[in-house]
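>>> One predicted model, sequence on top.
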Amino acid sequence: MVDLFSSGAPDAPDTGLRPLADRLRPAALAEVVGQEGVLGPDAPLGAMLASGRLGSLILWGPPGVGKTTIARLLAHETDMSFVQISAIFSGVQELKKVFEAAKLRRGNGQGTLLFVDEIHRFNKAQQDSFLPHMEDGTILLVGATTENPSFELNAALLSRAQVVVLMRLEAPALEALLVRAEEVEGQPLPLTEAARAALVEMADGDGRAMLNLAETVLSWKLKTPIDPKALSARLARRAAQYDKSGDAHYNLISALHKSVRGSDPDAALYWLARMLEGGEDPRYLARRITRMAVEDIGLADPQAQTLCLGAWDVYERLGSPEGELALAQAVVYLALAPKSNAAYAGYKAARKLAKDSGSAPPPKHILNAPTGLMKDQGYGDGYAYDHDAEDGFSGQNYFPDGMERPSLYQPVERGFERDLAKRTAYFAKLRAKRQGG
């Protein structure tokens, strides 16, 4: 990926009062780089513009990747009036005014591209208010969101708009932004090579943040380059993007769970640390880690579940930050433990079978008969007491009469389940022998 912002001229005079990020906004879509995956000739927006038919869009991506810039330039490329509102500050009355103005423009032969920032913050009724105006061509809606649209936007709205995913900027793209900033300002950043790399890392994939940081550094008017230590002393590191109730929350817990399942303790520790650094509740992590033990390690290592419960208890007793070490130890243990989801898969299969079989009763021979009437009905008749049987195993049927015997639990040849696999095979052999007899 390359630079989000162009090397072209800004669309307004550089007065020196406008922020650097604003002065470096591209003046045409062709100048926007860093999002080739959506703007290239065969990409969604490139194909739309080439066909001359631009539809409503939802631009989904992290902060500082060009959502507002792209929306503004789409209006310019299509000769539409650009109207921008924020879902944070706009209500029903503001929307009515926007729609009425758009109707007047349409009557005069001009379309309206309505850019709605943070569109996910509108409630269902507000989102629904866009639909008739999108359908009759009063507006072309371009919404911007940092949250997963499938969770935050109405299905009706999503069905009328194409979701376009914008990616965070990687280090080469952010470095290109610094070069552009130096060209516009007419001076190099007073940073050593290592400090320059540290500045790029501080931006954390956000182009706007990158330019704001560069502007701050240039304002110091330093005569000699400074190193990473001096840079860190002057600049606070930008907080990592993390929303405990949003998309990042679900993405990171998924990454942690799959790293454990994939037996990678280093990756698991990294994602655990990312969530803790983002302010995640350690109790939530303790619960999810225990779930991993039940779901992915299972009976391949019965000790795993006990260890996770112990780590949870240690955290409750010690609190943060000391108790978080117990969670880290549990994560490492789970990642290196033998894996089996046989009990989990068997349980899910049993639930499905229970649902499909309805209310089929147990066979009468395994029912208790505390009353004479129940005995007369055959309850308990023919029950074989396993402790009196050879090998302590009767081999009787315990499923409903007429049901074909299923195989729900199928242990794997890993960890402790190797022993359980031998036991299930042993009892299956005895069962066949008893029933055959």
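It's in.
>>> Count the residues that sit near Ala150.
Wrong residue type there; residue 150 is Ser, not Ala. Counted with other Cβ atoms under 10 Å, residues neighbouring Ser150 total 11. For the C-beta atoms, the positions are set from N, CA and C on the backbone; glycine is no exception.
>>> Please, which helix or strand holds it?
Under the criterion DSSP states H and E, the helix or strand holding Ser150 is helix 149-152.
>>> so what pLDDT did the closest residue to Arg431 other than its chain neighbours get?
Spatial nearest neighbour of Arg431, chain neighbours left out: Gly395 (4.2 Å); criterion: Cβ to Cβ, 6 or more residues apart in numbering. pLDDT, the model's per-residue confidence, is 88 for Gly395.
>>> hmm, back to that, now the helix holding Ser150: average pLDDT?
Per-residue pLDDT over helix 149-152 has a mean of 86.
>>> same deal with stretch 65-84?
What stretch 65-84 shows for mean pLDDT is 91.
>>> how far does that stretch stretch from start to finish?
This stretch, stretch 65-84, spans 17 Å end to end (Cα to Cα, to the nearest Å).
>>> Check stretch 158-166 too.
End-to-end span of stretch 158-166 (Cα to Cα): 17 Å.
>>> Going by neighbour count, which residues in that stretch are buried?
Of the residues in stretch 158-166, 160-161, 163-164, 166 count as buried by neighbour count, 16 or more other Cβ atoms under 10 Å.
>>> what about Pro330, which SS state?
Wrong residue type there; residue 330 is Ala, not Pro. Per DSSP: H, G, I helix; E, B strand; the rest coil, the secondary structure class of Ala330 is helix.
>>> just use 33 as the starting number from now, easier for me
Okay, using 33 as the starting number, the last item reads as Ala362.
>>> related to what we said a few turns ago, what lies in contact with the following helix or strand past the helix holding Ser182?
Proceeding N to C from helix 181-184, the next assigned helix or strand is helix 187-191, under DSSP H and E. Helix 187-191 is contacted by residues 90, 159-160, 162-163, 181-182 when judged by Cβ atoms under 8 Å, 6 or more residues apart in numbering.
>>> One more: stretch 129-136?
Contacts to stretch 129-136, defined as Cβ under 8 Å, 6+ apart, come from residues 113, 115, 117, 144, 146, 161, 165, 170-171.
>>> filter those residues to the buried ones?
Applying a neighbour-count criterion of 16+ other Cβ under 10 Å, the buried members of those are 113, 115, 117, 144, 146, 165, 170-171.
>>> so where's the stretch 183-332 of the chain shaky on pLDDT?
Residues of the stretch 183-332 of the chain that meet the criterion pLDDT under 70 lie in 269-279.
>>> Go ahead and measure how far the helix holding Ser182 is from the middle of the chain.
When C-alpha coordinates are averaged (Cα atoms, centre = their mean, to the nearest Å), helix 181-184 and its chain have centres 11 Å apart.
>>> List the buried residues in that helix.
Residues of helix 181-184 classed as buried: 181, 184 (neighbour count, 16+ other Cβ under 10 Å).
>>> sorry, back to before: just put the contacts of stretch 129-136 in TSV and tack on distance to Lys261.
As requested, the contacts of stretch 129-136 are exported to TSV (distance: Cβ to Cβ, whole Å):
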residue	distance to Lys261
Ser113	51
Val115	47
Ile117	44
Thr144	52
Leu146	48
Ser161	53
His165	55
Thr170	57
Ile171	52
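>>> What about these, which are in helices?
With helices taken from DSSP state H, the overlap with these comprises His165.
>>> quick one: which of the contacts of stretch 129-136 is nearest Asp298?
Proximity of those to Asp298, judged by Cβ to Cβ, is greatest for Ile117, which lies at 45.4 Å.
>>> Spatially, which residue comes closest to that closest one, not counting chain neighbours?
Spatial nearest neighbour of Ile117, chain neighbours left out: Val148 (5.7 Å); criterion: Cβ to Cβ, 6+ apart.
>>> tally of neighbours for that neighbour?
The number of residues near Val148, taken as other Cβ under 10 Å, comes to 27.
>>> Bridged to it, which residues?
Each beta-bridge partner of Val148 is listed here: Ile117, Gly175, as defined by DSSP bridges.
>>> which residues sit in contact with it?
With contacts defined as Cβ under 8 Å, 6+ apart, the neighbours of Val148 are 117-119, 154, 173-176.
>>> got the phi/psi numbers for the residue lying closest to Ala60 once chain neighbours are set aside?
Once its chain neighbours are removed from consideration, Ala60 has its nearest residue in Leu105; the separation is 6.4 Å (Cβ to Cβ, 6+ apart). Recorded main-chain torsions at Leu105 are phi -80, psi -30, according to degrees, to the nearest 10.
>>> contacting residues for Leu105?
Remark: with contacts taken as Cβ under 8 Å, 6+ apart, Leu105 is in contact with 58-61, 64.
>>> returning to that earlier point: need the buried residues of stretch 190-198 in CSV (columns: distance to Trp344 and secondary structure).
Compiled in CSV, these are given as follows (distance: Cβ to Cβ, whole Å; DSSP: H, G, I helix; E, B strand; the rest coil):
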residue, distance to Trp344, secondary structure
Arg192, 46, coil
Ala193, 43, coil
Val195, 38, strand
Val196, 42, strand
Leu198, 39, coil
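>>> any chance of those residues in a markdown table, plus distance to Leu254?
Putting the buried residues of stretch 190-198 into a markdown table (distance: Cβ to Cβ, whole Å) gives the following:
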| residue | distance to Leu254 |
| --- | --- |
| Arg192 | 52 |
| Ala193 | 47 |
| Val195 | 44 |
| Val196 | 40 |
| Leu198 | 34 |
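>>> hmm, back to that, among the buried ones among the contacts of stretch 129-136, which ones are in strands?
Among the buried ones among the contacts of stretch 129-136, the members falling in strands (DSSP state E) are 113, 115, 117, 144, 146.
>>> For the fourth one, give its distance to Gln116.
To Gln116, Thr144 is 11 Å away according to Cβ to Cβ, to the nearest Å.
>>> ok so, going back, where neighbours are concerned, which of the contacts of helix 187-191 has the most?
Phe162 (26 neighbours).
>>> Please tell me how far it sits from Leu250.
Computed with Cβ to Cβ, the distance linking Phe162 and Leu250 is 42 Å.
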